[in-house]
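Peer 1: following is a predicted model, sequence given first.
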Amino acid sequence: MANPNIVNVTSILGTTTYLTPANTTANTLLSNAASSGLVFKINQIVCANVNGTSAVNATVAINNAAAGAGTNFPVISTIAVPASASVIAVDKTTAIYLMENSSIVVTSCTSCGITYTISYESVAS
């Protein structure tokens with residue numbers, strides 16, 4: 001099932017998770033497995049610069065396969081986050097639905113430079 005019907009919802013579970021990548025390659029922030037029976041409503045993604053001394057570039061993208069695989073479609077691309085500041089990549093005014101067999105990946109130009117926080121609802125039908 002690639003796109004679960006959310007008319008007859010059986011549960012909505014809110015979750016917030018965090019990731020500070022220790023490298024400069026793409027890292028999976030959230031993955032929705034194929035045939036999970038879930039859709040994730042992304043409410044907010046915040047990119048916080050924890051470097052403290054200089055700006056760090058951040059990229060947030062949706063991949064059209066689970067676990068960071070597939071084609072990458074940027075939501076924000078190479079945005080400079082000032083030292084000790086945050087950038088909101090997604091909020092409720094730009095909410096995203098993450099369908100089955102897709103994922104959200106993040107990339108920073110400096111190891112351990114950005115902490116990504118994602119708040120989402122896991123909707124089961």
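Peer 2: Cool, got the structure.
Peer 1: so which bits of whichever strand or helix holds Ile88 are buried?
Peer 2: Applying DSSP states H and E as the criterion places Ile88 in strand 86-90. Under the neighbour-count criterion of 16 or more other C-beta atoms under 10 Å, strand 86-90 has 86-87, 89-90 buried. For every residue, glycine as well, the C-beta is placed using N, CA and C.
Peer 1: what distance separates stretch 65-77 from the centre of its chain?
Peer 2: Centroid separation between stretch 65-77 and its chain, computed with C-alpha atoms, centre = their mean, to the nearest Å, is 10 Å.
Peer 1: just the C-alpha atoms of it, please, in CSV.
Peer 2: The C-alpha coordinates for stretch 65-77 follow below in CSV (Å, rounded to 0.1, in the frame of the first residue of the first chain):
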residue,chain,number,x,y,z
ALA,A,65,12.7,5.3,-1.2
ALA,A,66,13.0,4.2,2.4
ALA,A,67,16.2,4.3,4.4
GLY,A,68,17.7,7.2,2.4
ALA,A,69,17.7,5.4,-0.9
GLY,A,70,16.2,6.6,-4.2
THR,A,71,16.2,10.0,-5.7
ASN,A,72,16.8,13.1,-3.5
PHE,A,73,14.3,16.0,-3.7
PRO,A,74,15.5,19.0,-1.5
VAL,A,75,13.1,20.8,0.8
ILE,A,76,15.9,23.2,1.7
SER,A,77,19.3,23.1,0.0
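Peer 1: any buried residues in that stretch, and which?
Peer 2: Those would be 66, 68, 72, 75-76, for stretch 65-77 by 16+ other C-beta under 10 Å.
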